[in-house]
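Visitor: Here is my input; please provide its structure:
(one chain, ligands or ions: 1)
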Amino acid sequence: MKNRTLAGHAEAILTRKHWVFDLDGTLTLPVHDFSVIRQALGVPQGIDILGYLASLPDPEAQPLHDKLNAIETELLEQIEPAPGTVQLIEALQRRGSRMGVLTRNTRDIAIRTLDSLGVGGYFPEECILGRGDAPPKPDPEGLFRFCVRWRTVPAEMVMVGDYVFDLQTGRNAGAATIHIDRTRSFLWPELTDIGVSTPEELLQILPA
Ligand SMILES: [Mg+2]
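Guide: From the prediction side, this is the model:
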């Protein structure tokens with residue numbers, strides 16, 4: 001009985017029409033080694049990179065932002081889709097879903113990433129919010145902006161991501177959350193409505 005209720009809950013979430021994705025490690029295979037990036041920027045280990053940069057005075061922060069952009073641009077060359085990414089996005093498009101990306105990367109790099117994954121055409125530029133466009137996750141503001149744009153409410157929305165910030169963002173906004181975790185550890189069950197290992201697995205459970 002419990003399983004049936006859970007299954008019904010999941011199905012109701014999966015039929016929602018408004019989908020917001022994290023980008024790196026969610027639609028792509030993970031290429032960011034954040035501890036290496038922290039080291040390159042002089043950010044103490046365990047500290048949020050964007051939060052740390054935001055805490056610095058501008059003259060100190062700007063060169064670090066430039067360096068971070070350079071690192072992320074370099075990583076573009078290694079971008080590969082996670083298994084099932086293209087098929088999942090195509091399936092959601094066929095169902096008439098609205099889709100957006102909310103990333104702590106820059107919008108410019110996000111656009112180039114989506115193009116290199118082969119799904120750029122499904123995400124209008126105004127539906128890609130980077131770190132310059134909305135307060136960084138886990139702030140829910142980015143999701144609220146999608147709500148305004150799509151004339152919907154968080155209760156009609158799904159946030160999909162691979163990290164705790166993505167899940168917190170969904171929870172903070174009142175949206176459903178889907179955790180994509182290749183290791184299937186699912187470390188944040190209290191923040192997760194549905195857990196899958198890949199976009200491919202998500203596609204498999206998507207109601208027709
Ligand atoms: Mg991510």
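Visitor: hey, let's count contacts and neighbours off CA atoms from now on
Guide: Noted.
Visitor: Which parts of the chain are helices?
Guide: Applying DSSP state H to the chain gives helices spanning 2-14, 34-41, 49-55, 58-75, 85-94, 107-117, 141-150, 164-173, 199-205.
Visitor: Next one: residue 56 from the ion, what distance?
Guide: For residue 56, the distance to the ion equals 24 Å [C-alpha to the ion, to the nearest Å].
Visitor: likewise residue 32?
Guide: Residue 32 is 9 Å from the ion, by C-alpha to the ion.
Visitor: show me the contacts for that residue.
Guide: Counting by C-alpha atoms under 8 Å, 6 or more residues apart in numbering, residue 32 touches 24, 75.
Visitor: Quick check, pLDDT for it.
Guide: If you check residue 32, the pLDDT there is 80.
Visitor: count of residues packed around residue 46?
Guide: 9 (other C-alpha atoms under 10 Å).
Visitor: Quick check: residues of this protein near the ion?
Guide: Counting by C-alpha under 5 Å from the ion, the residues of the chain lying close to the ion are 24, 25.
Visitor: Geometric centre of this structure: which residue is closest?
Guide: Closest residue to the average C-alpha location of the chain: residue 22 at 0.8 Å, with C-alpha atoms, centre = their mean.
Visitor: shouldn't that one be in contact with residue 102?
Guide: Yes. Using C-alpha atoms under 8 Å, residue 22 is in contact with residue 102, at 5.4 Å.
Visitor: Now the residue nearest to the centre of the chain. Nearest residue, chain neighbours left out?
Guide: Leaving out its chain neighbours, the residue that sits closest to residue 22 by C-alpha to C-alpha, 6 or more residues apart in numbering is residue 161, at 4.9 Å.
Visitor: same deal with residue 13?
Guide: residue 176 (6.7 Å).
Visitor: and that neighbour, what does it touch?
Guide: So residue 176 contacts 13, 154, 155, 157, 158, 159, 170, 192, 193 (C-alpha under 8 Å, 6+ apart).
Visitor: Bridging across strands, which residues link to it?
Guide: residue 158 (DSSP bridges).
Visitor: mind checking which helix or strand of the protein has the lowest mean pLDDT?
Guide: helix 2-14 (a mean of 77; mean pLDDT, DSSP states H and E).
Visitor: That's all I had, so thanks and see you.
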